[in-house]
Each structure stands twice: as structure tokens, then as C-alpha cells.
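K.L.:
model the following, please.
(one chain, ligands or ions: 1)
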Amino acid sequence: MAFEGIAEKLQNVFKKLTSRGKLSESDIKAAMREVKLVLLEADVNFLVVKKFIKELSAKAVGAEILESLTPGQQVIKLVRDELTELLGGKQSEIKLAGSPPTVVLMMGLQGAGKTTFCAKLAGYYKKKGKKPLLVACDIYRPAAIKQLHVVGEQVDVDVFDMGQDNASNIYREAAKYAMKLGCDMIIVDTAGRLHIDDEMMAELKELKKTSNPTETLLVLDAMTGQDAVNAATAFNDNIGIDGVILTKIDGDTRGGAAMSVRAVTGKPIKFVGVGEKLTDIEPFHPDRMASRILGMGDVMSLIEKAEASFEEKKAVELQKKIAKDQLTLEDFLDQMEQLQDMGSVSDILAMMPGGNKLKGLTVDEKQLERTKAIVRSMTREERLNPQIVNASRRRRISAGSGTTVQDVNRLLNQFEQMKKMLKQFSGKGGKRRGMMKFP
Ligand code: GDP
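P.N.:
Model (predicted):
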């Protein structure tokens, strides 16, 4: 889970600070030393840590904090603010071209998650109303071209390839093709190598010259820590990048790359990859990430995620149905699918305040699948009128869904109870959009 280790350790440091009423300068200095150790253990670049702690300490022992009534909390807030700055301060979005198409050149070492991210980004902007085209310029690995077609299809975005032709040629033809299709965004997947080498840099430079990208982005695997930061320096020095994409932060318990890359390269992190699914993409918000690293959860991202997956119109319709007591199992199935679209339930829990403490609490996603299977085994008539589901129908449904009659009974009972409960709520909290969903 992302940043789990570091969040836990920092919380221990903070606990000591807040357990005392008044703090002395030496209490704060001791805490700063501990924060320093935690950051170094998290594989944050040594020079970055040194500078960070120096600035933080200077502010933390100021009279304002020492004399305040809640010095512990003040120090935590200060750490959060400084960490936000370290991560880039304000959110840095992908720049869009004044006159389309926006061209995004995606670079990175092999295995960093470049091809996956190209599709994630295409899907992300498609949902925002753009018309992207994916271009396969990873000319050395036929498998990579095929992979781009596969993921492109999954997000329903066109993919242009010319096999293993010269990358600059491919780009020129792709740009014409994009114009023909009316695409306003071109996302170019380039060749990655296992190691940085001169030939690779020369090719990328040429491709950058030909494509004149609006944004040149470097995809880095967060789990590789300082190696990722070193790669960022090399790409930036050789080719020049506008920003960084950090992938696999779902598996990064330490956070060293996330916390160093901006300070070392001066380039912002623009997006993060938070899982293998093509919807596992999030814009990078330094303030929210700082809260997450400090173990304060990430309620804002959670809310946005929920809002992106729950379609507004459907929610309003659902609201009406609940009020009129017309809820059907069809709606129920729909809601479960939307819930799964949000990402795995355990990921969602991790984003809630204190969620990183819910270790060991596993959400039974299999149960969710079983429930879906039961509803899918019903006829449409049964889904709309669950009261007609008599004993023989229950037997048929359980056989069809590979469950037991008890499972079917349980689901139908739960559905009835839930309907009652939602109806009660709908009078009072009807405006709480997104919260009025199935439990
Ligand atoms: P490329 O060689 O840079 O194009 O890398 P790929 O896009 O083929 O990705 C390499 C592997 O990383 C694949 O197995 C992806 O599923 C996986 N991957 C990519 N992004 C993420 C992410 O954000 N989280 C996780 N857990 N896996 C990812």
C-alpha cells in the first residue's frame, strides 16, 4: 500500500510531540532528528533530506510555535506544509496546446509502465471530452506495439502504428492520420531500454525535434526509488522534460522517489499510476500527497474518484427511485459495477484518514462478485420484481450463479432491508450526492 511504512513511522514521531503540552527547543530538535531518519530510511535523496530538515528546523523552533498552545499540532502542520512544497507546491497539470493537437511525448525505461500509462492518459482525457490518438513508436519490440493496441482498445482510443519503421517517420504519418480523424491529442509511446544509453537518447532527441511536443513526459517506476531519480536527471539533462509521471505508487511503501524527484530535477510530478487497471490514474496533488505520506488519508482524492465514477444523471434517477420505493435489483447491479469501477475497495479504504491503519482488514471482493453473479442469473423480470422470486426460481438462480439457495435468500433479504433503509434516508440527506449510494 502506498507510503504505508513512512506514514506509520512519522505518526509515531508526531504522537510524541502531541502527547506533551509544552515543547522545548530540544524536544523539537529531537523530533526533527527522528523525521530525518524516517526520510532517509524511506530512501529520500540525502541532499534533499538535509536541506528539508534544515529549513524545517529553523521554522519549527521559532517563538510562534514554541509559545503556542498546541505546539505539537503546529509542528505537524509545518511538516505538512514543507512536505507539500517539497512535492512541488501547487498541482501541475499537463499543458494543452493553444491550437490542437496537443502532442504528448512519453519516455521512460523499459518496464516503468510507459505503455500502460499512455493508455491510462488517453482514457483519462477521453473522459474529459478529448479525442486522443495513441502512436506506437516503440519500434524495437513488436510486443510493445501489440500491447499498445490491446490497451488502446480497452480505453476505446485509436492506435496508429507502422510496425518497425523509423520513429520520426511514424510520427509524421501519425500526425496526418490524427488530422484526418479529427484527433486533438496525440500521445506517443516511445521505445524504452533497460538502461540509459546514447543511442536511445539520440533517437528520442530526434523524435522530440520532429514532433515538437507540447509536453515531454518521463514515466518513472516509483518502486525503483533513487534509481528513478537518477534516470530523471539523465533524461532531463539530455533531452529536457516538462514533467514526471510516477507509476506503481500503489506498491511503493517508502516514497523515496516521490519525495526526491521534484527537488532533484526541478520538474513537477504531473500524474501518478496507482494500479494495473487502466482507470488507476490520478492527477498529482502535492498537498494531498503530503497528507497521505503523513498518514492523514486523502479524502479529497477519494471524493473526486467517487464523483468521476458515479454518473450524475444516474444518481439523480436513482434518488428518485429510492424516494418512490421503485428500486430494483437492476439498479443494485449497476451500483455494484460502479463501485468496482472506483478501484478495489481496499484501495479506497487506504485513502481514508487512518486507512493505512486498517491493515489486515480485507474487503471481500469475491463476495461482491458472487452477489453480482446472483443478480446476473436472474431474468430481467425477476430483477425488476424481486417479489416473484419464489422457491423454484431461487433454486434455478443459485444453480445458475454457482451459489447456494441460502446465498440467494440472503441477498434478497438484504436488498429488501436496504431499500427500507435508503427510503428512510432519502427524506433527510437527499442532497448528499455520492453518499446516498448503496452501502
Ligand atoms: P513499459 O515497458 O514502460 O511500457 O511498461 P508497461 O506499460 O508494459 O508496464 C510494465 C508493468 O507494470 C506491467 O505489468 C503493468 O501492468 C505494470 N504497471 C504499470 N503501471 C502500474 C501501476 O501504476 N501500478 C502497478 N501496480 N503496476 C503498474
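K.L.:
for this protein, what helix or strand is lowest in average pLDDT?
P.N.:
helix 299-309 (a mean of 54; mean pLDDT, DSSP states H and E).
K.L.:
which one is residue 251 nearest to, not counting chain neighbours?
P.N.:
residue 223 (5.4 Å; C-beta to C-beta, 6 or more residues apart in numbering). Quick note: C-beta positions are derived from backbone N, CA and C, even for glycine.
K.L.:
so that neighbour makes contact with residue 252?
P.N.:
Yes - assessed by C-beta atoms under 8 Å, residue 223 is found in contact with residue 252 at 5.2 Å.
K.L.:
check which helix or strand covers the spatially closest residue to residue 133 that is not a sequence neighbour.
P.N.:
For residue 133, ignoring the flanking residues on the chain, the nearest one in space by C-beta to C-beta, 6+ apart is residue 183 at 4.1 Å. For residue 183, there is no enclosing helix or strand under DSSP states H and E.
K.L.:
from the ligand, how far out is residue 183?
P.N.:
Distance, residue 183 to the ligand, using C-beta to the nearest ligand atom, to the nearest Å: 21 Å.
K.L.:
give me the number of residues near that residue?
P.N.:
By the measure other C-beta atoms under 10 Å, the count of residues near residue 183 is 23.
K.L.:
you'd agree it is up against residue 131?
P.N.:
Yes - contact criterion C-beta under 8 Å: residue 183 and residue 131 qualify, at 4.9 Å.
K.L.:
quick one, phi psi at the residue in the stretch 151-300 of the chain that the ligand sits nearest to?
P.N.:
Among all residues of the stretch 151-300 of the chain, residue 273 sits closest to the ligand, at 2.6 Å; criterion: C-beta to the nearest ligand atom. Residue 273 adopts backbone torsions of phi -100, psi 130, taken as degrees, to the nearest 10.
K.L.:
who's it bridged to?
P.N.:
Judged by DSSP bridges, the bridge partners of residue 273 are residue 281.
K.L.:
I'd like the distance between it and residue 112.
P.N.:
9 Å (C-beta to C-beta, to the nearest Å).
K.L.:
which neighbours do these two share?
P.N.:
Common contacts of residue 273 and residue 112 (C-beta atoms under 8 Å, 6 or more residues apart in numbering): residue 247.
K.L.:
which residues of the stretch 201-350 of the chain score low on pLDDT?
P.N.:
296-315, 339-350 (pLDDT under 70).
K.L.:
how about the residues of it by the ligand?
P.N.:
With C-beta under 6 Å from any ligand atom as the criterion, the stretch 201-350 of the chain comes near the ligand at residues 247, 248, 250, 251, 273, 274, 275, 276, 280.
K.L.:
domain ranges for the chain?
P.N.:
The record assigns the chain these domain ranges, following automatic domain parsing: 4-86, 102-296, 310-428.
K.L.:
of these, which approaches residue 94 most closely?
P.N.:
With C-beta to C-beta, the closest approach to residue 94 among the domains of the chain belongs to domain 102-296: 5.4 Å.
K.L.:
report the distance from the closest one to the chain centre.
P.N.:
15 Å (C-alpha atoms, centre = their mean, to the nearest Å).
K.L.:
chain neighbours aside, what residue packs nearest to residue 100?
P.N.:
That would be residue 184: by C-beta to C-beta, 6+ apart, it lies 3.8 Å from residue 100.
K.L.:
in contact with that neighbour, which residues?
P.N.:
Applying C-beta under 8 Å, 6+ apart, the residues contacting residue 184 are 100, 101, 102, 130, 131, 132.
K.L.:
state the distance from the closest residue to the fourth one other than its chain neighbours to residue 158.
P.N.:
It refers to residue 130. Leaving aside its chain neighbours, residue 130 sits nearest to residue 185 (4.9 Å; criterion: C-beta to C-beta, 6+ apart). Counting by C-beta to C-beta, the gap from residue 185 to residue 158 is 11 Å.
K.L.:
what do you get for residue 91?
P.N.:
Noted for residue 91: a distance of 29 Å to residue 158, by C-beta to C-beta.
K.L.:
do residue 226 as well
P.N.:
38 Å.
K.L.:
try residue 12
P.N.:
Counting by C-beta to C-beta, the gap from residue 12 to residue 158 is 51 Å.
K.L.:
ok so, going back, mind checking which of the contacts of residue 184 are in helices?
P.N.:
Residues of the contacts of residue 184 located in helices (DSSP state H): none.
K.L.:
of those, which one scores lowest on pLDDT?
P.N.:
Least confident of the contacts of residue 184 in the model: residue 100, at 92.
K.L.:
give me the number of residues near that residue?
P.N.:
17.
K.L.:
thinking again about what came up before, more crowded one of residue 12 and residue 158?
P.N.:
Between residue 12 and residue 158, residue 158 has the larger neighbour count (other C-beta under 10 Å), namely 17 against 11.
K.L.:
could you report the pLDDT at the more buried one?
P.N.:
Looking at residue 158, its pLDDT is 97.
K.L.:
now do the contacts for it.
P.N.:
133, 134, 152, 181, 183.
K.L.:
would you mind measuring from it to residue 273?
P.N.:
Separation of residue 158 from residue 273 (C-beta to C-beta): 22 Å.
K.L.:
ok, now residue 182?
P.N.:
For residue 182, the distance to residue 273 - C-beta to C-beta - is 28 Å.
K.L.:
compare these two and say which is more crowded by neighbours.
P.N.:
Per other C-beta under 10 Å, whichever of residue 182 and residue 273 has more neighbours is residue 273, with 26 against 10.
K.L.:
kindly format the C-alpha coordinates of the lengthiest helix in the chain as PDB.
P.N.:
For the chain, the longest helix by residue count, based on DSSP H, is helix 405-428. Extracted in PDB, the C-alpha atoms of helix 405-428 (Å, rounded to 0.1, in the frame of the first residue of the first chain):
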ATOM      1  CA  VAL A 405     -30.100 -21.100  -2.200                       C
ATOM      2  CA  GLN A 406     -29.100 -19.500   1.200                       C
ATOM      3  CA  ASP A 407     -26.900 -17.100  -0.700                       C
ATOM      4  CA  VAL A 408     -29.800 -16.100  -2.900                       C
ATOM      5  CA  ASN A 409     -32.100 -15.800   0.100                       C
ATOM      6  CA  ARG A 410     -29.600 -13.600   2.000                       C
ATOM      7  CA  LEU A 411     -29.200 -11.300  -1.000                       C
ATOM      8  CA  LEU A 412     -32.900 -10.800  -1.400                       C
ATOM      9  CA  ASN A 413     -33.400 -10.100   2.300                       C
ATOM     10  CA  GLN A 414     -30.500  -7.700   2.300                       C
ATOM     11  CA  PHE A 415     -31.900  -5.900  -0.700                       C
ATOM     12  CA  GLU A 416     -35.300  -5.500   1.000                       C
ATOM     13  CA  GLN A 417     -33.700  -4.200   4.100                       C
ATOM     14  CA  MET A 418     -31.600  -1.800   2.200                       C
ATOM     15  CA  LYS A 419     -34.500  -0.500   0.300                       C
ATOM     16  CA  LYS A 420     -36.200   0.400   3.500                       C
ATOM     17  CA  MET A 421     -33.100   2.000   4.900                       C
ATOM     18  CA  LEU A 422     -32.400   4.100   1.800                       C
ATOM     19  CA  LYS A 423     -36.000   5.200   1.700                       C
ATOM     20  CA  GLN A 424     -35.700   6.500   5.300                       C
ATOM     21  CA  PHE A 425     -32.600   8.400   4.400                       C
ATOM     22  CA  SER A 426     -33.800   9.800   1.200                       C
ATOM     23  CA  GLY A 427     -36.100  12.200   3.000                       C
ATOM     24  CA  LYS A 428     -33.300  13.800   5.100                       C
END
